Every structure is written in structure tokens, then in C-alpha cells.
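> Following is a predicted model, sequence given first.
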Amino acid sequence: MRINMRNLILSILILILFASVLNGCKEDKTVEVKTIEVKTDFDKYFRQYNVDGTFILYDQNNDKFYYHNQDQSGVEFRPASTFKIINSLIGLETGVIKDENFVIPWDGVNRQITNWNSDHDLKAAYKNSTVWYYQELARRVGGEQMKHWLDTVKYGNADTTGGIDKFWLSGGLRISPEKQIDFLRRLHDNTLPFSQRSLDIVKRIMIAKDTLDYVLRAKTGWSSRDNEDDIGWYVGYFETKDNVYYFANCIRTSDRNHKDFLKARIEIVYKILEDMKFIKQ
């Protein structure tokens, strides 16, 4: 009886060992799930400037998203001057403008923004966010080519109704913060359907800050229409020595006299990035 019990225990141990070996040989079918992290403490920056809005930051190496108001990140708004990024690409790719030094003469109309009242090349028009330059660029590209490129790129809703020189300002074009991030990622990764030359030129004119620690490329946007909230954008990405971070900030206000609205678009982004220790100003 004692021998049978010993044999039984030995047999059980052998079975356990065998099962463990088999289990170790099984194929690991674990699927890595993208990390989504909602950062609720970003709200203090929006309250500081008395604006509503949505913010997205994407950390490429860690495949991680940070949000403020994640439930609104898919809502679409007019891109306003953030459209100048793809407008520049289309102008270059179609040959309408040759390079960043291509000059379009000023039409002589005095506008409220003094910096606009002179001849501009592409790099100056991008830096000054000169609306008339990009309106003329769009007219030269034409409706058919413009629609073709927006459909090909899948930029926002690709709606060009409302006039060839107005559709991104007051017409039908809309894009969400999520889609802004997607577009910027494809721009950085050179997977947009444009030549490398066009991509390189646009990346050069997009540089807003170039420091020892990072290079930041970005564009502002502002949509102000009657009976609608003002919409403010700041979108872009910055490269460190070993990572790339993408951001899209979309703020809103119904206060037409909001004196800090335009600077809030940008300053909220920098405050968040500093808070997260990603950059130092």
C-alpha cells in the first residue's frame, strides 16, 4: 500500500511536469493593445484661458495617446490656416509654385495685418499665415486638381464646396483633431502621396522652433464666423533625439472679445508639453 501511494505521487508529479513543458511550448498569442491614456489634469490650462477645447498628444515610440476631452476628438471643424500645410504640398506638387522662394506679387489691397501688405514667397506666406497668398495659390491649382488631391490624401471630409479660395475658411471643408494627427503622422513618415522634394520643402517652412533638444514644426489656425464659436488651432509635431510627438489643439470660445484667444492656442500646448517634461522653453 505504501509503495502504491509513492508511485501515485510520483506519477502525479511527472504529469504536472509534462503539462508545464507542453504549456511552455504553446505559441504565445498575446496581442499588444495600444495604450490610451486620458489626462484629466490638462483642464486647468483651458480654464486658465477661459476656453473650451480638445487636445491630443501622440507619443510615437510608446504608441500612446494623451487626451483632453477625448470624446470630442473626432468632432470636425474648419481647418482654417492649418490647411496651409497641405495647400503648400499641393501647390508644389502641381508645379504651381516652384519652391519656398516662389513669389506671388501683392495685389495692392491694404489688409488689417500689416505683414501681409507686400510681395510674399511661400516661406514668408507660411510664417505670416498670409491668407491672400494661399487663396491665389488655390485659384492657380484650380478646383479639379484641388479636389483630386484632397480625395487622394483623404484630408478631413475633402469637401471643397464654398469657392476654390474659401472652402477651408468659410466653406465645406472640415477636419477633426484626430484626423489632424493622422495627417501629420503621414507627413512625418513620408507616406503622403507627394514627392520627397515637396515633403522636404514643406517640412522646412513648418519649423517653428529649432533647439538643441528638439525641432518643432507647427501651424496655427483661426476660424471666426458669424453665429458660430471662434475656433483656434495649433497643430504639429516635434522631434527629439530618439522620439517624435504629435499634437493637435483645438480651442473654442463664443466671446468675440476674448483678448487672449489667439495666444491661448499656442500657449496651452507649450504648458502641457512642459508639464509632461517633454520640452523646455
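Yep, that arrived.
> What residues sit buried inside stretch 60-72?
The neighbour-count check on stretch 60-72 (16 or more other CB atoms under 10 Å) flags F65, Y66, Y67, H68, N69, Q70, Q72 as buried. Quick note: C-beta positions are derived from backbone N, CA and C, even for glycine.
> Please read the previous query as pertaining to stretch 176-196.
176-188, 192, 194.
> and which of those residues is nearest to W149?
F194 (8.7 Å; CB to CB).
> CSV please, covering the buried residues of stretch 60-72 and showing distance to I104.
CSV is the format used below for the buried residues of stretch 60-72 (distance: CB to CB, whole Å):
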residue, distance to I104
F65, 39
Y66, 39
Y67, 39
H68, 38
N69, 38
Q70, 40
Q72, 37
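> Adding pLDDT as columns, could you present the residues you listed in a markdown table?
Below are the buried residues of stretch 60-72 laid out as a markdown table (pLDDT from 0 to 100):
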| residue | pLDDT |
| --- | --- |
| F65 | 96 |
| Y66 | 95 |
| Y67 | 95 |
| H68 | 95 |
| N69 | 95 |
| Q70 | 94 |
| Q72 | 94 |
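> Go through these and flag which are in strands.
Taking DSSP state E as the definition of strands, the buried residues of stretch 60-72 contribute F65, Y66, Y67, H68.
> For stretch 125-137, which outside residues touch it?
81, 83-84, 87-88, 91, 96-97, 104, 106-107, 109, 111, 113, 115-116, 120, 122, 124, 165-166, 169, 205-206, 219-220 (CB atoms under 8 Å, 6 or more residues apart in numbering).
> Next, the buried residues of it.
So for stretch 125-137, counting by 16+ other CB under 10 Å, buried means A125, Y126, S129, T130, V131, W132, Y133, Y134, Q135, E136, L137.
> Export the host helix or strand of the second one to PDB, keeping only CA atoms.
Y126 is part of helix 122-128 when elements are defined by DSSP states H and E. Only the C-alpha atoms of helix 122-128 are listed here, as PDB (Å, rounded to 0.1, in the frame of the first residue of the first chain):
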ATOM      1  CA  LEU A 122       6.000  80.700 -49.900                       C
ATOM      2  CA  LYS A 123       8.100  80.600 -46.700                       C
ATOM      3  CA  ALA A 124       7.000  84.100 -45.700                       C
ATOM      4  CA  ALA A 125       3.400  83.400 -46.500                       C
ATOM      5  CA  TYR A 126       3.500  80.300 -44.300                       C
ATOM      6  CA  LYS A 127       5.300  82.200 -41.500                       C
ATOM      7  CA  ASN A 128       2.900  85.200 -41.600                       C
END
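> Tell me the helix or strand right after it.
In N-to-C order, the element after helix 122-128 by DSSP H and E is helix 131-141.
> after that next one comes which helix or strand?
Next along from helix 131-141, by DSSP H and E: helix 143-153.
> start to end distance for stretch 210-221?
21 Å (CA to CA, to the nearest Å).
> residues making contact with that stretch?
Counting by CB under 8 Å, 6+ apart, 79-85, 126, 129, 203, 206-209, 231-241, 262, 265-266, 279-280 sit against stretch 210-221.
> which ones among the contacts of stretch 125-137 are found in strands?
Those of the contacts of stretch 125-137 lying in strands (DSSP E): I104, H120, K219, T220.
> Give me the neighbour count for I279.
By the criterion of other CB atoms under 10 Å, I279 has 18 neighbours.
> Please verify my assumption that it contacts N243.
No: using CB atoms under 8 Å, I279 is not in contact with N243, being 11.5 Å away.
> Can you tell me which residue is spatially central in the chain?
By CA atoms, centre = their mean, the mean C-alpha position of the chain lies nearest to I181, the distance being 3.3 Å.
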